[in-house]
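J.: model this:
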Amino acid sequence: MLVWMTFTHLPTMVSTYFNQPLGFVSGAEGFIFLSALFTGRTFFLVAEREGHRVMSSQLWMRTLRLYIYHAILLALVFLVGAQFAANGNRPGLHNLLDFYFAAPRQALIDGALLIYRPPLLDILPMYITFLLFTPLAFTLAKRFGWKIILSAGGILWLSAQFGLRQALYHFSSRVAGLNIPLSATGSFDLFAWQFMWLVGLYCGVRWAKNELPVVKWARQMLIPAIVIAPVLFALRYSVGRGIELGIFEVSFDKWHLGFVRIINFAAIAVLLIRFQSVLKPLAIRPLVMMGQASLQVFCSHLLFCFVGLVIMGDASIVNGWHEAALVTMALSGMLLTAHIFSRNYVMTPKHLALEGGRGASRAVAQFGD
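T.: Take a look at the predicted model:
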């Protein structure tokens, strides 16, 4: 997933082939769902062994650590990247920071408050926000049950499809004096994407309880998935080539997590689970290391994306030997980051099940990194 997102984000010809190659599904859906899945499993185990207070404390510490990562990335982009973009010969980089150039002081404040979320730097703030409210989700789920939580999340997602984000933005602009373009608050609609996070949390909790029969589910849904996935795959490559989505485009929209994208994601998940034996050879050491240090690797890939924008200059993409060098540098940097930060990873889920007491709590929290 990390390699997929890297190839998609790098401003090269490679991104053409990695941008939603399997249909109306991107790396973002997988990143958010898998993050929520492991968060749900990991911190539910902490809550069971150490209590809700310890679980909340560890989640908030993890959120703080992520916030620090994001703040460092923002500082590098504002202090270094903006210097390259300021002279006007790198329009691609300048366009990503247009609000910063229009109102630098406000951009710094709103960036620190996670209100200003420039392109490429809007996934981590979404992740941070979801993590911040995860202890509350656990508390409410324990009191009222996951059906209530998922139903509320579904209603919020549905409201997002009908313009909830825009309505709240206009309300905040009038009442609270919010003075930032909507486009500068990030591409992702958090009111829609929270549903993907809640579903991932729920599946993670079920997994921790050994109540997640994914193999059985995949077997039951195999026929629909075999029909849905190829149809949406074909439609994905037909749009703009004689076929237009028209009024149905909202159902395919990535930023608002349209209904079709959820169906497509579920269909792909069924196929991956059902034929997971085919994917096992992909569990090579470099990819495993990246997964063990996923957050640090994710942050490092963003740095190389901005390096690509600097190299690109006023061209539309990075090409030629610069493209090969950029891709090589990005993958090498990600592997180096994984090698550094995955050294402390020593526990597996099987080991966690055998641990007890505070040692298990620390191991589970480490596993969550």
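J.: give me the pLDDT for residue 66.
T.: Listed pLDDT for residue 66 reads 94.
J.: that one contacts residue 128, doesn't it?
T.: Yes - if you go by CB atoms under 8 Å, residue 66 and residue 128 touch, sitting 5.1 Å apart. C-beta coordinates here come from the backbone N, C-alpha and C atoms, glycine included.
J.: the closest residue to residue 94 other than its chain neighbours and residue 133, how far apart?
T.: Leaving aside its sequence neighbours, residue 94 sits nearest to residue 85 (CB to CB, 6 or more residues apart in numbering; 4.2 Å). From residue 85 across to residue 133, the span is 34 Å (CB to CB, to the nearest Å).
J.: between those two, which has more neighbouring residues?
T.: residue 85 (23 against 15; other CB atoms under 10 Å).
J.: send the alpha carbons of the helix or strand harbouring residue 287 over as PDB?
T.: Following DSSP states H and E, the helix or strand that holds residue 287 is helix 285-292. Only the C-alpha atoms of helix 285-292 are listed here, as PDB (Å, rounded to 0.1, in the frame of the first residue of the first chain):
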ATOM      1  CA  ARG A 285      11.500  -8.600   3.900                       C
ATOM      2  CA  PRO A 286      11.600  -5.000   2.400                       C
ATOM      3  CA  LEU A 287       7.800  -4.800   2.300                       C
ATOM      4  CA  VAL A 288       7.400  -6.300   5.700                       C
ATOM      5  CA  MET A 289       9.900  -3.800   7.100                       C
ATOM      6  CA  MET A 290       7.900  -0.900   5.500                       C
ATOM      7  CA  GLY A 291       4.700  -2.200   7.100                       C
ATOM      8  CA  GLN A 292       6.400  -2.400  10.500                       C
END
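J.: could I get the buried residue list for that helix?
T.: By 16 or more other CB atoms under 10 Å, the buried positions in helix 285-292 come out as 289, 290, 291, 292.
J.: does anything pack onto the helix or strand just after that helix? Which helices or strands?
T.: As assigned by DSSP H and E, the chain's next helix or strand after helix 285-292 is helix 294-312. Applying 3 or more CB pairs under 8 Å, 6 or more residues apart in numbering; DSSP states H and E, we find helix 294-312 packed against helix 2-9, helix 52-76, helix 91-96, helix 123-144, helix 321-341.
J.: and those as TSV, adding distance to residue 217?
T.: Shown next, in TSV, are the helices and strands packed on helix 294-312 (distance: least, CB to CB, whole Å):
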stretch	distance to residue 217
helix 2-9	24
helix 52-76	27
helix 91-96	40
helix 123-144	20
helix 321-341	31
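J.: of all the ones you listed, which lies closest to residue 257?
T.: Closest of the helices and strands packed on helix 294-312 to residue 257 is helix 123-144, at 11.2 Å (criterion: CB to CB).
J.: now tell me what touches the closest one from outside.
T.: For helix 123-144, contacts defined as CB atoms under 8 Å, 6 or more residues apart in numbering pick out 28, 31-32, 35-36, 39, 43-44, 47, 52, 55-56, 59-60, 62-63, 66-67, 69-70, 73, 114, 117, 148-149, 186, 188, 190, 193-194, 197-198, 201-202, 205, 298-299.
J.: can you rerun that using 7 Å?
T.: In this structure, residues lying in contact with helix 123-144 by CB atoms under 7 Å, 6 or more residues apart in numbering are 28, 35, 39, 47, 52, 55-56, 59, 62-63, 66-67, 69-70, 114, 117, 149, 186, 188, 190, 193-194, 197-198, 201.
J.: out of these, which are buried?
T.: Using 16+ other CB under 10 Å, the buried ones in the contacts of helix 123-144 are 28, 35, 39, 47, 55-56, 59, 62-63, 66-67, 69-70, 114, 117, 149, 186, 188, 190, 193-194, 197-198, 201.
J.: tell me which of the helices and strands packed on helix 294-312 sits most buried.
T.: Highest mean neighbour count among the helices and strands packed on helix 294-312 (mean count of other CB atoms under 10 Å): helix 2-9, with a mean of 20.
J.: which other helices and strands contact it?
T.: helix 14-18, helix 27-50, helix 294-312, helix 321-341 (3 or more CB pairs under 7 Å, 6 or more residues apart in numbering; DSSP states H and E).
J.: now distance to residue 274 and mean pLDDT too, for those, in JSON lines please.
T.: As requested, the helices and strands packed on helix 2-9 are exported to JSON lines (distance: least, CB to CB, whole Å; pLDDT from 0 to 100):
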{"stretch": "helix 14-18", "distance to residue 274": "24", "mean pLDDT": "90"}
{"stretch": "helix 27-50", "distance to residue 274": "17", "mean pLDDT": "94"}
{"stretch": "helix 294-312", "distance to residue 274": "25", "mean pLDDT": "92"}
{"stretch": "helix 321-341", "distance to residue 274": "29", "mean pLDDT": "94"}
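J.: do you know which of the ones you listed lies nearest residue 8?
T.: Going by CB to CB, the one of the helices and strands packed on helix 2-9 nearest residue 8 is helix 14-18, 4.7 Å.
J.: buried sites along that closest one?
T.: 14, 15, 18.
J.: can you check stretch 302-314 too?
T.: Per 16+ other CB under 10 Å, stretch 302-314 contains these buried residues: 302, 303, 304, 305, 306, 307, 308, 309, 310, 311, 312.
J.: stretch 169-180 now?
T.: Result for stretch 169-180 [16+ other CB under 10 Å]: buried residues 169, 178, 180.
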